[in-house]
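Colleague: fold the following and give me the result.
(2 chains)
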Amino acid sequence: MRSLWRTIDRSTVRSVLVVCLADGLVGLAFGAIAVGAGLPLWLPVLLSVVVFAGSAQFLLVGVLAAGGSVVAAVAAGLLVNARLLPLGLAVGDAIGGGRRRTVLGSHLLTDESAAFALLHPSGERRRAVFWLCGVALFVCWNLGVAVGAVVGTLIPDTESLGLDAAFPAILLALALPALRSADARRASAVGVVVALASAPFLPAGLPVLLALAGVLVALPRRAAPITAHSPSASASASAPALSPPPTCGLSSPDSAIGQRKSARRGDGEGTS
Amino acid sequence: MSGATLGLLAAAAVLAVGTLALRLAGVLLRARLTPSERVQEILDTGVTVLFCALVATAALVEAQEFAGWARPIGVAVGGVLAWRRAPFVLVVVAAAAAAALLRLLGLP
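Modeller: Here you go, the predicted model:
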């Protein structure tokens, strides 16, 4: 494990710590909100350990606090977590072999750990980054939730701190390097339009899954001269100014993470 | 143990098992197949699409309604900084600070 540690560059470690800190603060708020809503103190703490998926936890607690049924709350939570399946499919190789390791690593799979793994195309570094982010996030999230549940009302709400803007910004920054590819940009533009158009009508989680249809745009590459401009054009038309497409469309989106690798398979430099 | 407590415990248990099943399904499926470079590319594109959609919906939508201006503007500020290769810390702090500041000024 120590040799794995050495394969990660400093700026990535720093980025992981920033994500952990931000998510720890959100965890603090989650614990406080759950207890503030009249739920028992052990529930947010238990959820954070055994579910370890922020948005599903918030949904579950939200539905329960609003007096919704337990079944509806669980169903809503599972629906937002459905995206973890395609995430596991894409970055599952970052976990490594062995039964116990597979189960443990799967439990540590989150948007954040997947995003960090995605920044590293293959090999040992991909594994190291995934585990670093997964373990660190698990510790920070659970610490935050436990403290928040105990301290409760002393904590200011996430909105006044702007923390609700932190998660999308984190994910956007982590996804930017992948958007260097024109295929990914086209597919993402379509996906964003699909998600935003369906979001007002569908329960949380489903619009994001439907967005995967955007991948189809990237499939028939070079096969037919599809009017390449239409997807991004419609994206910016229906989602003015604030959604990712404008950013997605920028020409050389490099990461804020200090990863300057552009070639997917060119991860060799500096590994040894 | 009261019925309400049992209900909450059951909810936590089902959500935990279901979530782990979803995670494992993807990871195990991945272990079964050795995707070609092309297929891996498509899988990666899928994740990028997923993330972009997640960013858009998380920034703009709250409980099936418009989330207000402060959050998406905060996210956009972070996005621009990230694109200009600002340090990651700055991206995150600026996004949160922008949203917080806008709310302080009365924007929802």
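Colleague: need the next SSE after the longest helix seen in chain B, C-terminal direction.
Modeller: Identified as the longest helix of chain B according to DSSP state H is helix B:3-32. Note on helix B:3-32: by DSSP states H and E, the next helix or strand toward the C-terminus is helix B:37-60.
Colleague: state the phi and psi torsions of B:F66.
Modeller: The phi and psi values for B:F66, taken as degrees, to the nearest 10, are phi -60, psi 130.
Colleague: who's in contact with it?
Modeller: By C-beta atoms under 8 Å, 6 or more residues apart in numbering or on different chains, B:F66 lies in contact with B:L60. Every C-beta, even on glycine, is put in place using the N, C-alpha and C of the backbone.
Colleague: between the longest helix of chain B and helix B:37-60, how big is the angle?
Modeller: 150 degrees (axes from the mean of the first three to the mean of the last three C-alpha atoms, to 10 degrees).
Colleague: against which helices or strands is helix B:3-32 packed?
Modeller: helix A:42-50, helix A:54-65, helix A:70-81, helix A:84-91, helix A:99-107 (3 or more C-beta pairs under 8 Å, 6 or more residues apart in numbering or on different chains; DSSP states H and E).
Colleague: any idea of the pLDDT on A:P240?
Modeller: pLDDT, A:P240: 37.
Colleague: typed the wrong thing, it's B:A97
Modeller: pLDDT for B:A97: 97.
Colleague: could you report the neighbour count for it?
Modeller: B:A97 is flanked by 18 other residues according to other C-beta atoms under 10 Å in any protein chain shown.
Colleague: what kind of secondary structure is it in?
Modeller: helix (DSSP: H, G, I helix; E, B strand; the rest coil).
Colleague: I'd say it and A:G162 touch.
Modeller: Yes: if you go by C-beta atoms under 8 Å, B:A97 and A:G162 touch, sitting 6.1 Å apart.
Colleague: still on that earlier bit, what comes up buried for the longest helix of chain B?
Modeller: By neighbour count with 16 or more other C-beta atoms under 10 Å in any protein chain shown, helix B:3-32 contains the buried residues B:8, B:11-12, B:14-16, B:18-20, B:22-27, B:30.
Colleague: follow-up on the earlier one: okay, and the common contacts of B:A97 and A:G162?
Modeller: Here B:A97 and A:G162 have B:G74 as joint contacts, going by C-beta under 8 Å, 6+ apart.
Colleague: residue of chain A nearest chain B, please.
Modeller: A:G88 (2.4 Å; C-beta to the nearest C-beta).
Colleague: okay, the spatially closest residue to that residue that is not a sequence neighbour and A:R180: tell me how far apart.
Modeller: If the residues on either side of it in the chain are set aside, A:G88 comes closest to B:G26, at 2.4 Å by C-beta to C-beta, 6 or more residues apart in numbering or on different chains. Applying C-beta to C-beta, to the nearest Å, the value for B:G26 to A:R180 is 25 Å.
Colleague: what do you get for A:V71?
Modeller: A:V71 is 44 Å from A:R180, by C-beta to C-beta.
Colleague: these two: which has the busier surroundings?
Modeller: Applying other C-beta under 10 Å to A:V71 and A:R180 shows that A:R180 carries more neighbours, namely 16 against 13.
Colleague: confidence score at the residue lying closest to A:S69 once chain neighbours are set aside?
Modeller: Nearest non-adjacent residue to A:S69, counting by C-beta to C-beta, 6+ apart: A:V63, 7.9 Å away. A:V63 carries a pLDDT value of 92.
Colleague: ok, now A:H107?
Modeller: In this model, A:H107 carries a pLDDT of 98.
Colleague: let me see the contact set for it.
Modeller: Each residue near A:H107 by C-beta under 8 Å, 6+ apart is listed here: A:F52, B:L20, B:R23.
Colleague: how close does the nearest residue to A:L59 once chain neighbours are set aside sit to A:V35?
Modeller: Nearest residue to A:L59, sequence neighbours excluded (C-beta to C-beta, 6+ apart): A:A76, at 4.8 Å. Distance, A:A76 to A:V35, using C-beta to C-beta: 20 Å.
Colleague: do the same with B:G79
Modeller: 34 Å.
Colleague: the two: which has the busier surroundings?
Modeller: Taking neighbours as other C-beta under 10 Å, B:G79 and A:V35 compare with B:G79 leading, 30 against 22.
Colleague: what's the separation between the more buried one and A:E112?
Modeller: B:G79 is 17 Å from A:E112, by C-beta to C-beta.
Colleague: wait, is B:L107 part of a helix?
Modeller: No: checked against three-state DSSP, B:L107 lies outside a helix; its state is coil.
Colleague: make sure it is actually in contact with B:P72.
Modeller: No: contact between B:L107 and B:P72 fails when scored by C-beta under 8 Å: they sit 10.8 Å apart.
Colleague: now do the shared contacts for the two.
Modeller: When C-beta under 8 Å, 6+ apart defines a contact, no residue borders B:L107 and B:P72 alike.
Colleague: settle it for me: which of the two has more neighbours?
Modeller: The residue with more neighbours, out of B:L107 and B:P72, is B:P72; 25 against 13, by other C-beta under 10 Å.
Colleague: wait, that one sits on B:L60?
Modeller: Yes: counting by C-beta under 8 Å, B:P72 touches B:L60, with 5.3 Å between them.
Colleague: count of neighbours near the residue nearest to A:L59?
Modeller: As a burial measure, A:A76 scores 20 neighbours (other C-beta under 10 Å).
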